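A.B. asks: Sequence plus predicted model, see below.
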Amino acid sequence: MTSLETERVEPTPRRIRVRLGDRLVADSDRAFLLIQYGPNGLPTYFVPREDVVPDVLTYKRVDTRRSSRLVEIRVGGETVACSIRPLLLFETSLPTRYYLPFTDVRAECLEPSSHVTRCPYKGRARYWSVRAGGLLVPDVAWSYPDPIPQLPAVKDLVCFFTERVDLVLDGVPQPRTVSPWSDGTADVIDQAADR
């Protein structure tokens, strides 16, 4: 540090969680620390925008955030998708979903499916099966070619059931997602909704 330096920014190895009252508003292990010198210099943490927790005060809500996180999808050890341009989708009571541009997905691994579902919060989804790593995983990816007007951000992006594929975030393998889609329960719900 020179005698003229009054502040600097550096990554911090600490996990930073920000609460407003009892409510978690940010959670990051990629924050930066602003170090300031002088009589009023207090440490200040800056959290990446995509690590800010969405507002979930309503009963059912869908929010999206653009991100620069590295998202990889693997099937049978083979990389099927790799993106630094995911759209993170937060839906009340459901796991975070990572919607990726089709250009970041290996098209040769996708096989169109006749499976279609409808969601009142996103619209009509079409599905793909994935063939990679010597495996065929049926109906594991979906997209919304024509989402409802309130959620245009998901248009023409593809998402994968992280309950059935391997998710790697920023180079770190993640545990399989646990949700109603883990055990097939949601398939019954989806079929009933289509009637």
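C.D. replies: Okay, I see it. Residues are numbered from 1 along each chain as shown.
A.B. asks: which residues in this structure form helices?
C.D. replies: Remark: helices assigned in the chain by DSSP state H are 185-194.
A.B. asks: Low-confidence stretches in it?
C.D. replies: 1-6, 37-46, 48-60, 183-195 (pLDDT under 70).
A.B. asks: Quickly list the domain ranges of it.
C.D. replies: Using automatic domain parsing, the domain parsing of the chain gives 7-51, 62-194.
A.B. asks: D139 against R126, yeah?
C.D. replies: No - assessed by Cβ atoms under 8 Å, D139 is found out of contact with R126, at 10.1 Å. Using the backbone N, CA and C atoms, a C-beta is placed for each residue, glycine as well.
A.B. asks: Now the common contact residues for these two.
C.D. replies: S113, H115 (Cβ atoms under 8 Å, 6 or more residues apart in numbering).
A.B. asks: Enumerate the positions of stretch 162-171 that are buried.
C.D. replies: The neighbour-count check on stretch 162-171 (16 or more other Cβ atoms under 10 Å) flags T162, E163, R164, V165, D166, L167, L169 as buried.
A.B. asks: Enumerate every residue touching the third one.
C.D. replies: This points to R164. V137, V140, R176, W181.
A.B. asks: How about P147?
C.D. replies: Applying Cβ under 8 Å, 6+ apart, we find P147 in contact with K122, G123, V154, K155.
A.B. asks: before we move on, what about L167?
C.D. replies: Taking Cβ under 8 Å, 6+ apart as the contact definition, L167 lies against V71, E72, I73, Y98, F160, P173, Q174, T177.
A.B. asks: Dig out what it forms beta bridges with.
C.D. replies: I73 (DSSP bridges).
A.B. asks: Kindly report the same for R118.
C.D. replies: With DSSP bridges applied, R118 shows beta-bridge pairing to R124.
A.B. asks: I figured it hits R124, correct?
C.D. replies: Yes - judged on Cβ under 8 Å, R118 makes contact with R124 at a distance of 5.1 Å.
A.B. asks: Neighbour count for the two, which is higher?
C.D. replies: The neighbour comparison of R118 against R124 (other Cβ atoms under 10 Å) goes to R124, with 14 against 11.
A.B. asks: Enumerate the positions of stretch 148-167 that are buried.
C.D. replies: Within stretch 148-167, the residues that count as buried by 16+ other Cβ under 10 Å are 151, 153-154, 157-167.
A.B. asks: Which of those residues sits closest to E108?
C.D. replies: V158 (13.9 Å; Cβ to Cβ).
A.B. asks: Next one: the closest one relative to R23, how far apart?
C.D. replies: 32 Å (Cβ to Cβ, to the nearest Å).
A.B. asks: just T117 next, same as before
C.D. replies: Using Cβ to Cβ, T117 is found at 32 Å from R23.
A.B. asks: Which residue comes closest to S83 once chain neighbours are left out?
C.D. replies: Nearest non-adjacent residue to S83, counting by Cβ to Cβ, 6 or more residues apart in numbering: D104, 3.7 Å away.
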